[in-house]
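**Q** Structure for the following, please:
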Amino acid sequence: MSHSAEEEFSEGLLSVVKPAVESVDAQVQTLRTSQAKLKDCIDNLSGDLANIAEMQKDLPNLEHYVKKLMNIKRRVTTVNNVLTNVQDRVHMLQTRVSKEQARKRTLLNAS
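**A** This is a model prediction of the structure:
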């Protein structure tokens, strides 16, 4: 494959992959923000329920619901960690693609 054909292939591949990677990255970032907000809301609600349960001993036992919320919080945190890892991998992939493209351009310009 000649340098020109390699460069065209590289540019074509990059033009297909880069928008998809950027789109996934943006969606992961939005999801991470939503997950963080959800975690904060769960923390607040969990604290409020604990306070209510403490103040109102006559109310039905809310401990079961507090435990459910804590379980949900743990799962949200796990999902957020997975999303963080995915985003880190996407950034690494973007960096590698950019470096490879720059290397190919350098090789072509040197020729």
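**Q** Every contact and neighbour count from this point should use C-alpha atoms.
**A** Noted.
**Q** What residues does residue 38 make contact with?
**A** Residues counted as contacts of residue 38 (CA atoms under 8 Å, 6 or more residues apart in numbering) are residue 76.
**Q** And the pLDDT at it?
**A** Model confidence at residue 38, given as pLDDT, is 92.
**Q** what about the nearest residue to residue 14 once chain neighbours are set aside, helix or strand, and which?
**A** For residue 14, ignoring the flanking residues on the chain, the nearest one in space by CA to CA, 6 or more residues apart in numbering is residue 97 at 7.3 Å. Following DSSP states H and E, one finds residue 97 within helix 63-110.
**Q** The lowest-mean-pLDDT helix or strand in the chain versus helix 63-110: what angle between them?
**A** Least confident helix or strand, the chain: helix 3-55 with a mean of 86, by mean pLDDT, DSSP states H and E. Counting by axes from the mean of the first three to the mean of the last three CA atoms, to 10 degrees, helix 3-55 lies at 160 degrees to helix 63-110.
**Q** Please compute how far helix 3-55 lies from its chain's middle.
**A** The chain centroid and the centroid of helix 3-55 are separated by 3 Å under CA atoms, centre = their mean, to the nearest Å.
**Q** Next, the buried residues of stretch 61-79.
**A** By neighbour count with 16 or more other CA atoms under 10 Å, stretch 61-79 contains the buried residues 66, 69, 73, 76, 77.
**Q** Kindly provide the distance from the fourth one to residue 37.
**A** Going from residue 76 to residue 37 by CA to CA, to the nearest Å gives 10 Å.
**Q** Show me what the helix holding residue 97 is packed against.
**A** helix 3-55 (3 or more CA pairs under 8 Å, 6 or more residues apart in numbering; DSSP states H and E).
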